[in-house]
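> build me a structure from this.
(2 chains)
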Protein chains: 2
Amino acid sequence: MARLVVIGGVAAGLSAASRARRLDPSLDILVLEKGSTISYGACGLPYYVEGRVESARQLIVYTPEYFRRERNIEVRTTAEVAAISHPRREVVLAGGERIKYDRLVVGTGARPDRGAIAGADAPHVFTLYTLDDTERLRAFLRERRPKRAAVIGAGYIGLEAADALRVNGLAVTLFASESDLLGRQDPELTKLLAKHLERFHVELRLNTPVRSLDGLGFDVVVLSSGLRPNVELAQEAGIEIGRTGAIRTSERMETNLTGVFAAGDCIETTHLVTGRPVWIPLGTTANKTGRVAGASAAGARERFPGIVGTSIVRVCGLAVAMTGLSVSQARKEGFDPVAARIQSLDRAKYFQWWVKPTTVELVADRRTGRLLGGTVTGFGDGVAGRINVTATALAAKMTVQDFEQLDLCYAPPFAPVWDPLLVAAQQLRKAI
Amino acid sequence: MARLVVIGGVAAGLSAASRARRLDPSLDILVLEKGSTISYGACGLPYYVEGRVESARQLIVYTPEYFRRERNIEVRTTAEVAAISHPRREVVLAGGERIKYDRLVVGTGARPDRGAIAGADAPHVFTLYTLDDTERLRAFLRERRPKRAAVIGAGYIGLEAADALRVNGLAVTLFASESDLLGRQDPELTKLLAKHLERFHVELRLNTPVRSLDGLGFDVVVLSSGLRPNVELAQEAGIEIGRTGAIRTSERMETNLTGVFAAGDCIETTHLVTGRPVWIPLGTTANKTGRVAGASAAGARERFPGIVGTSIVRVCGLAVAMTGLSVSQARKEGFDPVAARIQSLDRAKYFQWWVKPTTVELVADRRTGRLLGGTVTGFGDGVAGRINVTATALAAKMTVQDFEQLDLCYAPPFAPVWDPLLVAAQQLRKAI
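Numbers count the residues shown, from 1 in each chain, chains lettered A, B, ... in the order given. The predicted structure is shown next:
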């Protein structure tokens, strides 16, 4: 009986294990998780800090017992893998135990880089990457009742953390090392978001890299900068690392070592707009690549072609979504970008209590007319829907002209007769 | 100076006039509208009946004065065109006045067929197709305080009308001539919607064609069945009518008569899934085809490739959206359809106050794997977003496999980690 060992028991690892089990009932499957909990919605951690999610249990989808009983998958928690020896086809646990494998899935995730900031190991400094981290922060908030919080890093986790702490009544200062937010290199988006944060009394310090926490005088600090893929284990085992610094895999999620697959936040993937490798760690991609890794480990032929870089975050009620490339990113990738940005109402204006403003920016390549990216901001699910339409158009490599012709739904409670996406596309076509 | 005459002053006609003006400042443009009002949001009429829109003025986007002053477009209301004489390049008004044109745009719209039902001319029988119609209904509701209402026809206008009358406290009976609702030929969708209507005490009579209103005993009747394109004027002028019964045009919206264009609810268009002509009168399509007709009339080269049949309607709070073909429609079009229908939550379940169930059905062609259509039901803007993603995928002629790989956004307030669309696509791929 062949044995599949999976390193990592969160999104990618458990997707892989579950998919492999479904495709091959005869496999012996063992999942090794170094933390104390498996199968939790890591993207929900900021909402646990906020208090909206009341107990950590609400974030846990399945228990190890569930996997054992319902899926015949063995799960060991607090089982840290110290080394992979591929010539021997075995992993070595931190305690020295050796476990044989026939096929291996590496789902070691990522972590914030505490080493870059002096004082990051102090007891009032937290990260929001694992459930264990977050439970410690929750306990600290409850027991110490801190008043002043710093959030280091202005990616989506930093923004969600700032919002969550604000809701808990803390005075929050958000430090961004660069001049922009969310890593989008989009000054307009940064301006809009900065204004929104100001309205909610979150103090934003752009262009302020934090090298040391000593003497800053905050009662609690959340570190959400410098996220890095956990690749040391893989690297030492001879698994190839791509130029993004994350593990390189084929479309089947196989590494350079035969029978060794990788998935989730520790791998790079292909950006379908640029065709180049990119490292964008996100829960959706972790689940999808995990699923393909599991299928491949079970001998099936599935593939994961890549991503277009779609994400969404809710910050103080505002939904901010993006996909593809910003103008600045597109220029760096060698395109000749042109953009149109519009503001519009998100439904018929006589839906007085529901109507909200929304902004749409679309980016295209002037030479080919091809759509390269978009951002949407506003309130509620309409933002998610509109970014997803744009992401779908990117996957299909549509031109702006194709996009302008889309047959999007219309009824007064849901959209204006000219959907904001189509208005932006019309403007963009004029600009090309 | 060349003169453009536009017949019809609502969505298609005014889009055409405005677009022509923008592209050619020198054109002499005259819009002839047979009703007393122009430029109103016809799709908002049910909400005017409901009372959400308090005054008809809220639905009026622009006045004739606005067009004259701001766009240099002449608009005449209560100007009914009785005939078009293309050899003379003139239209003849009902009063006998003759007006010359160099180019003509026909935007005569559609109307419910009162002729098919005995008693349809009684004073308590109304349609919801024009603002004038609707104002009469509003006045009737206010002055007569009817108790029992019948709505004849279970398309989206019928459903919206039933909902609007229900909100006004009337006991509503909705008559559908066929066994299904919304013309989708989808028994599951009909069942779901019927159950929802029942919960809101709207009495639904399926398979009940109404031939006569006499003796039915309703205080007020809204007729929303038998919508027909207004093509008589065009037909008498020698303009070609397609096999759908609506005016046939090129992608530039030109009819068989050179210099005569048509747009809006009176024309047929191409269904991009089947490649065949189809008549689906909707406000979005009217605006888009109007825009292209106007551009063509001004000598520009724009095109309208067609639609994929996307629509959405809100019925007693439930959003029901569709695009492309249902299984039954696909089979009639010669495909070998296979479908998957799933129910899912519309966001992370720990967003307890926001999370709602949603259903997604996707239809594909078994032979080619190509996506053919979808329906989404649920609550709020997420339904619109998900149907629009499906519509975009149809426009791009994606396969189910392409669709399953879409990089849709995820964050707990907006979606579950596996978007319901992707779950449905996974199920569908298994079924193929």
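> quick one: pLDDT of the closest residue to A:L422 other than its chain neighbours?
Computed as C-beta to C-beta, 6 or more residues apart in numbering or on different chains, the closest residue to A:L422 that is not its neighbour in sequence is A:E404, at 6.1 Å. For the C-beta atoms, the positions are set from N, CA and C on the backbone; glycine is no exception. With respect to pLDDT, A:E404 has a value of 96.
> return the distance of A:E404 relative to A:G369.
Counting by C-beta to C-beta, to the nearest Å, the gap from A:E404 to A:G369 is 11 Å.
> SS state for whatever residue of chain A ends up closest to chain B?
Residue nearest to chain B within chain A (C-beta to the nearest C-beta): A:G385, separated by 1.6 Å. Following DSSP: H, G, I helix; E, B strand; the rest coil, A:G385 is assigned to helix.
> residues in contact with it?
Taking C-beta atoms under 8 Å, 6 or more residues apart in numbering or on different chains, we find A:G385 in contact with B:D381, B:G382, B:A384, B:G385, B:R386, B:N388, B:V389.
> want to throw those residues into CSV with pLDDT?
Compiled in CSV, those are given as follows (pLDDT from 0 to 100):
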residue, pLDDT
B:D381, 94
B:G382, 96
B:A384, 98
B:G385, 98
B:R386, 98
B:N388, 98
B:V389, 98
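> in what element of secondary structure is A:G95 found?
For A:G95, there is no helix or strand it lies in under DSSP states H and E.
> thinking again about what came up before, and for A:E404 and A:G369, which residues touch both?
By C-beta under 8 Å, 6+ apart, the residues touching both A:E404 and A:G369 are A:R429.
> looking at the two, which is more packed in?
A count of neighbours by other C-beta atoms under 10 Å in any protein chain shown puts A:E404 above the other of A:E404 and A:G369, at 20 against 17.
> list the contacts of that one.
Contacts of A:E404 by C-beta under 8 Å, 6+ apart are A:L422, A:A425, A:Q426, A:R429.
> what residues sit buried inside the strand or helix carrying the last one?
It stands for A:R429. When elements are assigned from DSSP H and E, A:R429 belongs to helix A:420-431. Across helix A:420-431, burial judged by 16 or more other C-beta atoms under 10 Å in any protein chain shown covers A:P420, A:L421, A:L422, A:V423, A:A424, A:A425, A:Q426, A:Q427, A:L428, A:R429.
> so for it, mean pLDDT?
For helix A:420-431, the mean confidence score works out to 96.
> for that helix, packing partners?
strand A:337-345, strand A:357-365, helix A:381-395, helix A:400-404 (3 or more C-beta pairs under 8 Å, 6 or more residues apart in numbering or on different chains; DSSP states H and E).
> give me the residues contacting that helix.
Here helix A:420-431 has contacts from A:338-342, A:344, A:346, A:358, A:360-362, A:364, A:369, A:374, A:376, A:386, A:389-390, A:400-401, A:403-404, A:406, A:408, using C-beta under 8 Å, 6+ apart.
> switch to 7 Å and redo it
A:338, A:340, A:342, A:344, A:346, A:358, A:360-362, A:364, A:386, A:389-390, A:400-401, A:403-404, A:406, A:408 (C-beta atoms under 7 Å, 6 or more residues apart in numbering or on different chains).
> and the residues you listed, which of them are buried?
Buried, going by 16+ other C-beta under 10 Å: A:338, A:340, A:342, A:344, A:346, A:358, A:360-362, A:364, A:386, A:389-390, A:400-401, A:403-404, A:406, A:408, out of these.
> compute the inter-axis angle for the helix holding A:R429 and strand A:337-345.
Counting by axes from the mean of the first three to the mean of the last three C-alpha atoms, to 10 degrees, helix A:420-431 lies at 140 degrees to strand A:337-345.
> now helix A:420-431, how far from the centre of its chain.
Chain-centre distance of helix A:420-431: 29 Å, with C-alpha atoms, centre = their mean, to the nearest Å.
> tell me where the stretch 251-400 of chain A has strands.
Remark: strands assigned in the stretch 251-400 of chain A by DSSP state E, counting those that start in this stretch are A:260-262, A:269-270, A:277-278, A:311-315, A:318-324, A:337-345, A:357-365, A:371-378.
> reformat those as CSV; add mean pLDDT and distance to B:T77.
Shown next, in CSV, are the strands of the stretch 251-400 of chain A (pLDDT from 0 to 100; distance: least, C-beta to C-beta, whole Å):
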stretch, mean pLDDT, distance to B:T77
strand A:260-262, 98, 69
strand A:269-270, 98, 58
strand A:277-278, 98, 57
strand A:311-315, 96, 46
strand A:318-324, 98, 42
strand A:337-345, 97, 27
strand A:357-365, 97, 33
strand A:371-378, 98, 37
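> winner for burial among the ones you listed?
Among those, ranked by average contacts under mean count of other C-beta atoms under 10 Å in any protein chain shown, first place goes to strand A:260-262 (a mean of 30).
> for the residue nearest the centre of chain A, which residues are in contact?
What sits nearest the mean C-alpha location of chain A, by C-alpha atoms, centre = their mean, is A:L282, with 2.3 Å. Taking C-beta under 7 Å, 6+ apart, we find A:L282 in contact with A:S311, B:Y410.
> who in the stretch 1-150 of chain A is up against chain B?
Taking C-beta under 7 Å from any C-beta of the partner chain as the measure of proximity, the stretch 1-150 of chain A contacts chain B at A:G41, A:C43, A:G44, A:Y47, A:V53, A:Q58, A:L59.
> the stretch 1-150 of chain A: strands as residue ranges?
So, for the stretch 1-150 of chain A - with DSSP E, counting those that start in this stretch - the strands run A:3-7, A:28-32, A:74-76, A:81-85, A:90-93, A:98-100, A:103-106, A:110-112, A:125-127, A:148-152.
> any chance of these in a markdown table with distance to B:D133 and mean neighbour count as columns?
Putting the strands of the stretch 1-150 of chain A into a markdown table (distance: least, C-beta to C-beta, whole Å; neighbours: other C-beta atoms under 10 Å in any protein chain shown) gives the following:
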| stretch | distance to B:D133 | mean neighbour count |
| --- | --- | --- |
| strand A:3-7 | 65 | 26 |
| strand A:28-32 | 65 | 22 |
| strand A:74-76 | 65 | 19 |
| strand A:81-85 | 72 | 17 |
| strand A:90-93 | 74 | 18 |
| strand A:98-100 | 76 | 13 |
| strand A:103-106 | 64 | 29 |
| strand A:110-112 | 61 | 19 |
| strand A:125-127 | 63 | 23 |
| strand A:148-152 | 57 | 25 |
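> lowest average pLDDT across these?
strand A:110-112 (a mean of 88).
> partner strands of that strand, with direction?
strand A:227-229 (antiparallel) (DSSP bridges).
> thinking again about what came up before, from the contacts of A:G385, which is closest to chain A?
Proximity of these to chain A (C-beta to the nearest C-beta) peaks at B:G385, which lies at 1.6 Å.
> any idea how far the closest one is from A:N388?
6 Å.
> now do A:L181
In terms of C-beta to C-beta, A:L181 sits 22 Å off from A:N388.
> do the same with A:G309
A:G309 is 13 Å from A:N388, by C-beta to C-beta.
> and A:A297, by the same measure?
In terms of C-beta to C-beta, A:A297 sits 30 Å off from A:N388.
> out of these two, which sits in the busier spot?
A:A297 (32 against 29).
> what residues does stretch A:313-333 touch?
Residues outside stretch A:313-333 that contact it (C-beta under 7 Å, 6+ apart) are A:156, A:159-160, A:163, A:182, A:184-186, A:193, A:196-197, A:200, A:273-274, A:308-312, A:337, A:339, A:363, A:372-380, A:383-384, A:387, A:390-391, A:394, B:409, B:411, B:413.
> residue at max distance from the center of chain A?
A:Y350 (36.9 Å).
> next up, the contacts around that one.
A:P412, B:G44, B:Y47, B:V53, B:Q58, B:L59.
> just among those, which is most surrounded?
That'd be B:G44 among the contacts of A:Y350, by other C-beta under 10 Å, with 28 neighbours.
> isn't that one right up against B:L59?
Yes: the criterion here is C-beta atoms under 7 Å, and B:G44 meets it with B:L59 at 4.7 Å.
> overlap of the contact sets of those two?
A:Y350, B:V53.
> follow-up on the earlier one: out of the helices and strands packed on helix A:420-431, nearest to A:A12?
The closest of the helices and strands packed on helix A:420-431 to A:A12 is helix A:381-395. By C-beta to C-beta, the value is 20.8 Å.
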